[in-house]
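Chemist: The following block contains a protein sequence and its predicted model.
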Amino acid sequence: MTDVLDRQQTETHFATVGTRPIRPDGVDKVTGRAAFGADFVMPGMIWGRILRSPYAHARILGIDTRKALALPGVKAVVTGADFPDLASEIIEGGEAASNSRDMAVNVIARDKALYEGHAVAAVAAISPAIAEAALELIEVSYEPLAHVIDVEAAMAPDAPLLHSHIFTEGLEERPKLPSNIARKHQFVRGDVDAALAAAEVRVEGRYTTKAVHQGYIEPHACVASMSEDGQGHVWCSSQGHFMVRSYCAKVLGVEISNIKVTPAEIGGGFGGKTTIYLEPIALALSRIADAPVKLVMTRDEVFRATGPTSGGVIEVKLGAKKDGTITAAEVELKFQAGAFPGSPVGTACMTALACYDIPNFRIVGWDVVTNSPKTAAYRAPGAPISAFGVECALDELAQKLGMDPVDLRDKNGARDGVKAAYGPTFQNIAFLDTLARIRQHPNYHVPLKANQGRGVAAGFWFNVGGESTGAVRVSDDGTLTVATGNPDIGGSRAGMAMMAAEVFGVPVDNVRVTVPDTQSIGYSMLTGGSRTTFAVGMAVVRASEKVVADLKKRAAGIWQVAEDQVAWKNGEAICLDPAKADAKPLTLKGLAAQSGRTGGPIQAEVSLNAQGAGPGFAVHSCDVEVDPETGHVTVLRYTAAQDVGRAIHPSYVEGQLQGGAAQGVGWALNEEYIFDAEGRMENAGFLDYRVPVASDLPMIDTVLIETAPNPRHPFGAKGVGEAPIVPPLAAVANAVSAAIGVRMTDLPLSPPKIRAALDAKKA
Amino acid sequence: MKLHVSTTVNGDAAEFLTDPGTTLLDALRDELGLTGSKEGCGSGDCGACSVIVDGRLVCSCLMLAAEAEGKRIETIEGLARHGELHPIQQKFLEHAALQCGFCTPGLIVASKALLDANPDPTEEEARYWLAGNLCRCTGYDKVIRAVLDAAAELRQERRVA
Amino acid sequence: MAQFNYVAPSSVDEAISALASAPTARVLAGGTDLIVQMKAGRVRPATVVDVKRVPGAVGIQKAADGGYVIGAATSGAVLGEHATLPRDWPGVVEAANLIGSTQVQGRASLGGNLCNASPAADSVPGLIAARAVCVIVGPAGRREAPVETIQVSPGRTSLQPGEFVLEFRLPPRPKRASDAYLRLIPRTEMDIAVVGAGVSLALGDDGKIAEAHVSLGAVAPTSLLVGPAGAALVGGKLDEASLAALDAAARAACNPIDDKRGTIDYRTKIAGVLARRVATIAYARAEAR
């Protein structure tokens, strides 16, 4: 159940914000009407398939496509040679900056295959069967090379080298030799070595995690059409169609305005669809074939060729006084980046200690390339991994101090005025409230039986704002259409409709929400970073306010009164001028009907760069039972509390907490990339890549903290989507460790590992 | 050599030509244009392709289109009637039991099969029945609440009827 | 999928001819293994023989001797819904019903599960412990063979070209007898068994175990009938000593591999754990009859 904490006394009572209407796109989704990436068909459409490297690391000596081209029904074949070579350049557009050269080479290999599954060639043919058969006719000559996947092995000086142009950045002196270590990140405050030495209590731990995939149920899919005049059109599911447009333009070497992207509904992204894989290939094939090309990944391809997040090593040292004041923290992170630099180790460093006020720390992070798929963003990228180590170490510290783990966090917790570990000073945060609500929750006090354990953990994510556009139009009948440039990945249309309805004072059913293509709406940064309700919502609200101002002006004109004599309330303009006492209120519908006479169509579009996204603090509590003979873990109880500012639509906010928690539970217990000795993924399917199923989880109880609304958002909303995945790894691990009396440090906590830990304990 | 298949889909006669290797899922989506059933994995592990064949819940990605000959197939597109949503669909909306919506058709079809077989499932029974329908967005909480609420509503309707 | 011919014969003889027509011909029952493998390109049959229309291949009958005759292509869901089979052979049925999801249960069959010859097949230890027998038809006629003789090695069976399993026969059940099946998987559903254990036993009038059969899955290249494990139980009432002997015999029979689902050490230990637990359940069920 949800428990919404006391609201601030100054809060206005909202008519729509905070209620739970049915989402405007809901009926399409429950009837199967909603069109996702693979659901589009175009007249004359043909079918694409991609040939992928079977080697984890290999030189590509040559590709002979003649036999494939000669197969009847094949209309196009492309290889890396058909795409321009790009210079190394950092481009914005995704959730983090990307290197456009790396992205282009990841889309289709050039001189080397850098991971098993790396795209090497592609065909388009008049049927899927012919495309499949054509793949088998493409002859690729490989020279297999030694590969490396384990992050510490990749850091070793004699490791197989992926790129000869990588010289570790972030060191005091540029190294003379290239390596797989792309960058060192470092954040320092105070004197951690002295503080650790002087600490009254110390804990130290080494924690390890494996690569895990976002696991969205919809595989990547697109239909792309490139006409003979160089105009391209892409239908695809993504987390940002403007991002797709700019990335495709880059990879293909064409102008952005030559590509139009229409967003399909998206079947999950979690960050994994903030980049492109298929779209430039489909466009290139289409250009040659003179026909639209449909390109859909199989599940196998999704696992082998799209970014998981990093596996990594987290080493933590904490120093504290006997009263529980943490005086020192040292964290070292080593993250797999996959085939190209850009693991989320930087954000992992920045978030690792963000929940706490620690005077001395050193956080070091290593970004290391490995012969595995290029990592992509996964919900609070990097943060769950560093939090795993830090929050388990805190658990150990609490045990050593004999302190309740929530109390330890409360004693050291970030509050208003504290300078965050990553720089800014916190304002309007409610981390301590969030801790308190976990401690007060009935779940925290359920007596535990034998073989059961309880774990607690906290987590942080910055949330971002960013460039966003919202457009609002009033139809002739007074209904509203809201348009944004942001694909709806979790019900954001509902939030947009509700915020607009709140500003206009009309029922939310009067508001339609649409996500038009890139030519029809102003630019918006993608849907990610927990920014949509905050930043896009802000744009929608500002656009709504502009329209309301316009409506008031028109009413003033109709009544012949001064503009400041018009108020807007509950969807109506009201005349305040005592001289016009008989002036009846003008409804939205009435004003819309007169729009032609009062200045033309009533609409506004606002583009802004939203600043001041409120960060998200999450605290989770988890109870597990472990079968001591088999090591099997059952999750008995789960509670997720989070500082959300203001829940626009509480059901969808609860849904973010529950979904993130579930992903974290899977990450903790069963999910991992398993590679064989040749560097090939062994479990590239949902049978052996084990995400939680319905029977694996209990109800996930949520607590929405609204004691510190975000003053920068019209309704006080903070981003909520990412923080929920940060605490669960440690919450589950701490629970299992408590249940079996052995500190578990290596994820996933599969039954054989737990049984082995128990056997070792007995011995 | 194409095979000719005659079958019934959502109560209507349907006929198509197909390769032997075409699955029922591909035939529904590509031949018949019924794209409500989704491919999430192609190997029977995610349930996004769930349909009901002769009253039996199956993964359509693991059935050859040729096997549909003479069978009665129900897909997500057949649930709403005369402009009215099925109670399961309605409860999914009310409980916000979907976020991205991709797994939703499969979950709804599987839930219908559950409630046809067991009109009063416990939470545990519902979870185990639906274990073959992966959802990555919701953590299943609101899904199970929606299903149990729909079960209650359907039992009520039957009592009144 | 690579091209193939699909045929759906409506007689045993037609099915045998179709299977014998090409060395790569394969039987299609529920398709939950075959279609997955064909899509992955691991198997490329020239002909796929859908046996679900062959008389006897689908359905459950009571035999004259009181045993059961189960069509090899009958789905797990149908097994679970039968009026009496789950009561008389709960272990056989629960083993079959653990395969995959509800959707998979709507299609997966005992015949397919056995002849796919995965060492981890869930239904096989249940059938072996039950002393089930396969009725096999082929070019040389009809024959019977105990279930434990069918799997030869992972992916390979002892069936000759053109042969397929038409039916399973379960023997008549003594009065106070029952069975059970357990498996260990990392999640709660959907996984391939890391270890599977089936026990079938019959009690004498004195409540002592008169007959006991133990079968293990996923701990060797094929499912095993573990004679010594069954012998360890006979003559007693499942006291700690016999359970310990059962545990040891189960572990001794293991010959597993390290793979992505489990290690040798883990599988061996769990074989003992599950054997104890499943024997306890079977005993309680038998007592209650």
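Modeler: The structure has been received and is ready for your questions.

Chemist: Grab the most central residue of chain B for me.
Modeler: residue B:109 (2.5 Å; Cα atoms, centre = their mean).

Chemist: so what secondary structure elements neighbour the helix or strand in which residue A:408 is found?
Modeler: In this structure, residue A:408 sits in helix A:405-412 according to DSSP states H and E. Helix A:405-412 sits against helix A:383-401, helix A:431-440, strand A:452-461, with contacts defined as 3 or more Cβ pairs under 8 Å, 6 or more residues apart in numbering or on different chains; DSSP states H and E. C-betas here are computed from N, CA, C, even on glycine.

Chemist: Go through the ones you listed and name the closest to residue A:265.
Modeler: Of all these, it is strand A:452-461 that lies closest to residue A:265, at 25.3 Å by Cβ to Cβ.

Chemist: The residue in chain B positioned nearest to chain C: what's it in contact with?
Modeler: At 2.2 Å from chain C, residue B:132 is the closest residue in chain B, using Cβ to the nearest Cβ. Residue B:132 is in contact with A:693, B:44-47, B:50, B:59, B:110, C:100-104, C:189-190, counting by Cβ atoms under 8 Å, 6 or more residues apart in numbering or on different chains.

Chemist: let's go with 6 Å and repeat that
Modeler: B:47, C:101-103 (Cβ atoms under 6 Å, 6 or more residues apart in numbering or on different chains).

Chemist: ditto for residue A:230
Modeler: The contact partners of residue A:230, by Cβ under 6 Å, 6+ apart, come to residue A:258.

Chemist: Need the three-state assignment for it.
Modeler: coil (DSSP: H, G, I helix; E, B strand; the rest coil).

Chemist: Next, give phi and psi for it.
Modeler: Here is the backbone geometry of residue A:230 (degrees, to the nearest 10): phi 80, psi 10.

Chemist: What is the neighbour count of the residue of the stretch 51-200 of chain C found nearest chain B?
Modeler: Proximity of the stretch 51-200 of chain C to chain B (Cβ to the nearest Cβ) peaks at residue C:101, 2.2 Å away. Counted with other Cβ atoms under 10 Å in any protein chain shown, residues neighbouring residue C:101 total 28.

Chemist: Leaving out sequence neighbours, find the closest residue to it.
Modeler: Distance criterion Cβ to Cβ, 6 or more residues apart in numbering or on different chains; nearest residue to residue C:101, sequence neighbours excluded, is residue B:132 at 2.2 Å.

Chemist: Show me chain B divided up by domain.
Modeler: When chain B is parsed into structural domains using automatic domain parsing, the resulting residue ranges are B:3-78, B:87-160.

Chemist: actually chain A, not the one I wrote
Modeler: When chain A is parsed with automatic domain parsing, its domains come out as A:6-34+A:465-610, A:382-463+A:614-762.

Chemist: now those in TSV, with mean pLDDT and mean neighbour count?
Modeler: Formatted as TSV, the domains of chain A follow (pLDDT from 0 to 100; neighbours: other Cβ atoms under 10 Å in any protein chain shown):
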stretch	mean pLDDT	mean neighbour count
domain A:6-34+A:465-610	90	20
domain A:382-463+A:614-762	97	23
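
Chemist: Serialize these to CSV and add fields for distance to residue A:124.
Modeler: Below are the domains of chain A laid out as CSV (distance: least, Cβ to Cβ, whole Å):
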stretch, distance to residue A:124
domain A:6-34+A:465-610, 23
domain A:382-463+A:614-762, 24
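
Chemist: picking up where we left off before, contacting residues around the closest residue to the residue nearest to the centre of chain B other than its chain neighbours?
Modeler: Excluding the flanking residues, the one nearest residue B:109 by Cβ to Cβ, 6+ apart is residue B:50, at 4.5 Å. Listed by Cβ under 6 Å, 6+ apart, the contact set of residue B:50 reads B:106, B:109-110, C:103.

Chemist: All good on my end, thank you.
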